[in-house]
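Asker: Sequence plus predicted model, see below.
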Amino acid sequence: AYQFHWERDGALSMQALMGTEPNQTLVDEKMEAYMGWVAKVQHIEDPNGLDVRSEPKYHIPTGVPDSGPWCRPQKDGPGLRALTLSKYG
């Protein structure tokens, strides 16, 4: 099964949810789950020897960064995630 969280895609998806979902209770529920995920993955040791915040994708549900061949570090994901969380705040 394909179970990955892509940092960039996750941030963009949450921005889209905030901009299109009229039910604020649902937005709050999903954003709380997203913030919990972000807090979890930011404290996991990166097996690739990088700052974990610049990893492009993580395994679900463990949050362990993927070690497969992928361009890293990726700098757009952290910025998009910060923008999404700031907009929500």
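Answerer: Noted; the coordinates are in hand. Residues are numbered from 1 along each chain as shown.
Asker: all helices of the chain, in order?
Answerer: Ranges of helices in the chain, per DSSP state H, are 7-20, 24-41, 76-88.
Asker: how about those helices in TSV, adding mean pLDDT?
Answerer: As requested, the helices of the chain are exported to TSV (pLDDT from 0 to 100):
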stretch	mean pLDDT
helix 7-20	97
helix 24-41	97
helix 76-88	95
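Asker: Any chance of CSV for those helices, columns distance to A1 and mean neighbour count?
Answerer: (Each C-beta comes from the backbone N, C-alpha and C, glycine too.) Below are the helices of the chain laid out as CSV (distance: least, Cβ to Cβ, whole Å; neighbours: other Cβ atoms under 10 Å):
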stretch, distance to A1, mean neighbour count
helix 7-20, 17, 16
helix 24-41, 18, 14
helix 76-88, 23, 16
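Asker: With distance to D51 as added columns, please give these in CSV.
Answerer: Shown next, in CSV, are those (distance: least, Cβ to Cβ, whole Å):
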stretch, distance to D51
helix 7-20, 12
helix 24-41, 12
helix 76-88, 9
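Asker: Out of those, the one nearest K57 is which?
Answerer: helix 7-20 (6.9 Å; Cβ to Cβ).
Asker: Good, we can wrap up now.
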